[in-house]
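[1] Sequence first, then the predicted structure, then my questions.
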Amino acid sequence: MFEDMPEIITLKNGLRIIYKEALGTQTTQCGFVINTGARDDGDFPGLAHCFEHMLFKGTTKRNATQVLKRLEVVGGELNAFTGKDLTTVYAHVLSIHFKRATELLADIVLNSSFKEKELAREKKVIKEEINLYLDTPEENIFDEFQKLQYPHHPMGYNILGDEESLQTIDSPTLREFWKKFYHPKNMAYVVISNIPFKQVVRACKFMETWENGEFYKPDRAEPGKDVRFSKVVETEFNQVYACLGAESYPYHHPKKEAMMLLNNILGGPGMNSRLNLAVREKHGLTYQIDSSYTAYDDCALFYITFSTEEKHLKKTLKLIEKELQLLIDTPLTKYQLQQAKNQFHGQLQLAEESKTSLLVYYGKSSLKYNSIEGLDELLAKVSIVTIEELQAVAQQMLQFNKLNTLIFKPSK
């Protein structure tokens, strides 16, 4: 979300090249953003994530070791991650090695071999990743919450999958996934660099000849939203972990900006969030408590997460309910609203410094919405949110008795 908008060209095969000049640096962040993720797993939960892993396990001209060493020998980094609706494969290098990074990224995205031997070995790695995740309740509880919120729908799948589903994935399944989703029209190559735009375009021209058959836009069914649940799960963890949440406004909803601001006031990253002040600072009942708002094309979640000792659970929930009710019943003053906007604006401007976040944002916006909203535009929308609009959103979204709940409770 830079104030100065990026430049975009579309190659003949439909691949978007998105460029943002970054002055005062000698490094380049570049990578592919692909419009596919865990919600496209179909009958194979964890497929998109497994596919992402296999991109690093050899191509038609490089083995796995050669892939991993190609940038590291010049001090660069190669990485990737899978989300619900996006996959990102990217590199961070000194700008003098931009062509090397681009050639490697194109090779692993366009020419991965998906050998059964490498797949069998990588499944063991993913199994360990799943086990690590199961031992991390802060992450595990939200994934379990999504499974309950979106039952029998890919939006509720754990991105990692599970051991059972992992064993059903084979090389033909991976190749079919590549054929279906890794089409140039379904991808963007984003470059944030001090290298001139014309030079970047020349370095990317070789990708123009790449074709992958006919393009089919991802067919995504909208998840059901009228789901109610309250569940307690006994665990081996020492503390109680809790997640409370509900369906919220999708990405293009006119109340999105008000919801973003409200969430920031309630439990955003600032230490002065209302939940943090009430539960941690005043009563010392938790190490961390926060709220989040995550919006997708056709659905969104607002949720609160925290951990505490079991004996403090009821009190913590009462304090949360009190803070929610306060925002519902009591309008912010003009001064409080302006303070909240100033804080949110500052956080957004600081977020510009994260090149990885910008890379994903540019790619996602271009692929999904065919436009990129600038920082000025977003800040302008936030700046006109009124006290009445904020309270109306609170009245709709913060009703404590309408929040679904999932609690991990120590077994006796």
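    Cool, the structure landed.

[2] from here on, contacts and neighbour counts on C-alpha atoms
    OK.

[3] What ranges does the stretch 101-250 of the chain have for its helices?
    116-134, 137-149, 163-166, 171-181, 197-204 (DSSP state H, counting those that start in this stretch).

[4] For this protein, just list every one of the strands.
    Assigned strands in the chain, in chain order: 7-10, 16-21, 27-34, 77-82, 87-94, 187-193, 230-235, 240-247, 289-295, 300-308, 404-410 (criterion: DSSP state E).

[5] Compile the helices of the stretch 101-250 of the chain into TSV and extend it with columns for mean pLDDT and mean neighbour count.
    Listed next are the helices of the stretch 101-250 of the chain as TSV, based on pLDDT from 0 to 100; neighbours: other C-alpha atoms under 10 Å:
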stretch	mean pLDDT	mean neighbour count
helix 116-134	95	15
helix 137-149	94	19
helix 163-166	93	15
helix 171-181	96	16
helix 197-204	97	15
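
[6] Quick one: closest of the ones you listed to residue 255.
    When the helices of the stretch 101-250 of the chain are compared by C-alpha to C-alpha, helix 137-149 sits nearest residue 255, at 21.4 Å.

[7] on contacts alone, who are the packing partners of the closest one?
    If you count contacts as 3 or more C-alpha pairs under 8 Å, 6 or more residues apart in numbering; DSSP states H and E, helix 137-149 packs onto helix 116-134, strand 240-247, strand 404-410.

[8] Now with 10 Å, please.
    helix 116-134, strand 230-235, strand 240-247, strand 300-308, strand 404-410 (3 or more C-alpha pairs under 10 Å, 6 or more residues apart in numbering; DSSP states H and E).

[9] what's the longest one packed up against?
    Secondary-structure packing of helix 116-134 (3+ C-alpha pairs under 10 Å, 6+ apart): helix 47-54, helix 137-149, helix 163-166, helix 171-181.

[10] now the angle between helix 137-149 and that helix, please.
    For helix 116-134 against helix 137-149, the angle by axes from the mean of the first three to the mean of the last three C-alpha atoms, to 10 degrees is 100 degrees.

[11] So which residues lie in contact with helix 116-134, not counting its own?
    By C-alpha atoms under 10 Å, 6 or more residues apart in numbering, the residues outside helix 116-134 that reach it are 46, 49-51, 53-54, 56-58, 63-64, 135-136, 139-141, 143, 158-163, 166-167, 169-172, 174.

[12] if we go to 7 Å?
    Under the contact criterion C-alpha atoms under 7 Å, 6 or more residues apart in numbering, helix 116-134 has outside partners 54, 57, 139-140, 160, 162-163, 171.

[13] Can I get it as PDB, trimmed to CA atoms?
    Extracted in PDB, the C-alpha atoms of helix 116-134 (Å, rounded to 0.1, in the frame of the first residue of the first chain):
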ATOM      1  CA  GLU A 116       7.500 -39.600  -6.400                       C
ATOM      2  CA  LYS A 117      10.700 -40.100  -4.500                       C
ATOM      3  CA  GLU A 118      11.000 -36.500  -3.500                       C
ATOM      4  CA  LEU A 119       7.200 -36.400  -2.600                       C
ATOM      5  CA  ALA A 120       7.600 -39.400  -0.300                       C
ATOM      6  CA  ARG A 121      10.500 -37.700   1.500                       C
ATOM      7  CA  GLU A 122       8.700 -34.300   1.700                       C
ATOM      8  CA  LYS A 123       5.600 -35.900   3.200                       C
ATOM      9  CA  LYS A 124       7.700 -36.700   6.200                       C
ATOM     10  CA  VAL A 125       8.700 -33.100   6.500                       C
ATOM     11  CA  ILE A 126       5.100 -31.900   6.300                       C
ATOM     12  CA  LYS A 127       4.100 -34.500   8.900                       C
ATOM     13  CA  GLU A 128       6.600 -32.900  11.300                       C
ATOM     14  CA  GLU A 129       5.200 -29.500  10.400                       C
ATOM     15  CA  ILE A 130       1.700 -30.700  11.300                       C
ATOM     16  CA  ASN A 131       2.900 -32.100  14.600                       C
ATOM     17  CA  LEU A 132       4.600 -28.900  15.400                       C
ATOM     18  CA  TYR A 133       1.400 -27.000  14.600                       C
ATOM     19  CA  LEU A 134      -0.600 -29.400  16.900                       C
END
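
[14] so it versus helix 171-181, what angle?
    80 degrees.

[15] rewinding a little: save the helices and strands packed on helix 116-134 as TSV, and put in distance to residue 34 too.
    Shown next, in TSV, are the helices and strands packed on helix 116-134 (distance: least, C-alpha to C-alpha, whole Å):
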stretch	distance to residue 34
helix 47-54	11
helix 137-149	22
helix 163-166	22
helix 171-181	8
